[in-house]
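1. sequence and computational prediction follow.
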Amino acid sequence: MAAIHRRPSWAIPERLATPESIFLNRRAILAGMGLGLASALLPTKPARAESDPTADLYPAKPNTAYKIDRSITPEEINANYNNFYEYGTYKEIAAEAQQLKTRPWQVEVSGLVAKPMTVDFDDFVRKFPLETRLYRHRCVEAWSMTIPWAGFPLKSLVQAVEPQSSAKFVRFETFLDPEMAPGQNNFLYPWPYIEGVTIEEAMNDLPFLVTGAYDKPLAKQFGAPLRLALPWKYGFKSIKSIRKITFVEERPIGLWEAIQPSEYGFWANVNPEVPHPRWSQAQERVLQTGDLIPTQLFNGYGEHVAHLYKGMDPATLYM
Ligand SMILES: Nc1nc2c(c(=O)[nH]1)N[C@H]1C(S)=C(S)[C@@H](COP(=O)(O)O)O[C@H]1N2
Ligand SMILES: [Mo]
């Protein structure tokens, strides 16, 4: 028998086989029992909003400029199918993620800016008017969903802190606390989770600092209390549970890029024509319905962002 060639597990950051098989099982359950009953069997109910000190901010006013041509992924589905490696390398981390302590939560915004700030999240979130946006999300593993996020544009924060001209990139960093996030004891990953964008990308209208979803404060498994949504890039760029936002001169190296730069680049712009080295990116499987649909360049957000990459190395379209 021919030897099965396997890569070491650290080289398979988002193991396609595992999430897909879980997904198919769930579909079968949902099909057989109906959504209501099936959701009662799922590990965790979405977090209750009443106890959250920011609950009064939701629902946030809809911003209808961001149109969507798909149905919204039901909360019960989305809240039980997550990627949050701090709580495990599989999708069923919702229960584990309840260990995340979201208060007190200091947000530090610093680096090459005129007006740095370190503030309590509950004050931070009230500095900016919140709005609701329907965004698509395309994971590099070729599944997708549609979410009603609430939050405010990253651009508003950038303007508030007044970057110096030497600031070329914005770097985001998650918490580091293996006691409340057992996944961080997994030494194969270079914790904490880090991501970054260029200052031009940060000043675009699309990057959204997310503080809520489904008309209430962000559930822990979504990356409470503060995460990013970059809908034209593969999902791993949308970093969760942000503690530090730093304006820097050097290009940040994200967690996935640090592990496997040939598969997870800095740009990570969604592009159906450039396959991931181990699978095609031409199509995506829509969570809940299971429909296979064609993936769009920039995940369909080209009118907002394509100009950012004009005249640049074509590699920016993917890597
Ligand atoms: N801190 C942190 N942020 C993260 C991740 C993670 O493991 N840790 N996973 C990323 C990936 S690969 C995806 S697809 C999305 C998933 O977001 P969701 O669980 O809200 O669907 O979060 C991204 N942000
Ligand atoms: Mo992902």
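-> Done, it's in. Numbering: from 1, shown residues only. Ligands and ions are numbered 1, 2, ... in the order given.
2. can we go C-alpha only for contacts and neighbour counts from here?
-> Will do.
3. interface residues of this protein facing ligand 2?
-> By C-alpha under 5 Å from the ion, the part of the chain that sits against ligand 2 consists of 139, 235-236.
4. show me those that map onto helices.
-> Here DSSP state H is the test, and the residues of the chain next to ligand 2 give no hits in helices at all.
5. so which of those residues reach ligand 1?
-> When contact is defined as C-alpha under 6 Å from any ligand atom, the residues of the chain next to ligand 2 meet ligand 1 at 139, 235-236.
6. sitting in strands, which of the residues you listed do you find?
-> When strands are assigned by DSSP state E, not one member of these lies inside them.
7. Ala282: which of the residues of the chain next to ligand 2 is nearest?
-> Cys139 (12.5 Å; C-alpha to C-alpha).
8. in contact with the nearest residue to the closest one once chain neighbours are set aside, which residues are there?
-> Excluding the flanking residues, the one nearest Cys139 by C-alpha to C-alpha, 6 or more residues apart in numbering is Gly235, at 4.4 Å. Counting by C-alpha atoms under 8 Å, 6 or more residues apart in numbering, Gly235 makes contact with 137-140.
9. between these, which has the most around it?
-> Comparing those by number of neighbours (other C-alpha atoms under 10 Å), Arg138 comes first, having 26 neighbours.
10. that one and Ile147 touch, don't they?
-> No: checked against C-alpha atoms under 8 Å, the pair Arg138 and Ile147 is beyond contact range at 11.1 Å.
11. mind listing what's buried along stretch 282-300?
-> Residues 282-288, 295-300 are the ones in stretch 282-300 that count as buried (16 or more other C-alpha atoms under 10 Å).
12. how close does Asn83 sit to Gly183?
-> The gap separating Asn83 from Gly183 is 12 Å, by C-alpha to C-alpha, to the nearest Å.
13. more crowded one of those two?
-> Set side by side, Asn83 and Gly183 show more neighbours around Asn83, with 23 against 19, by other C-alpha under 10 Å.
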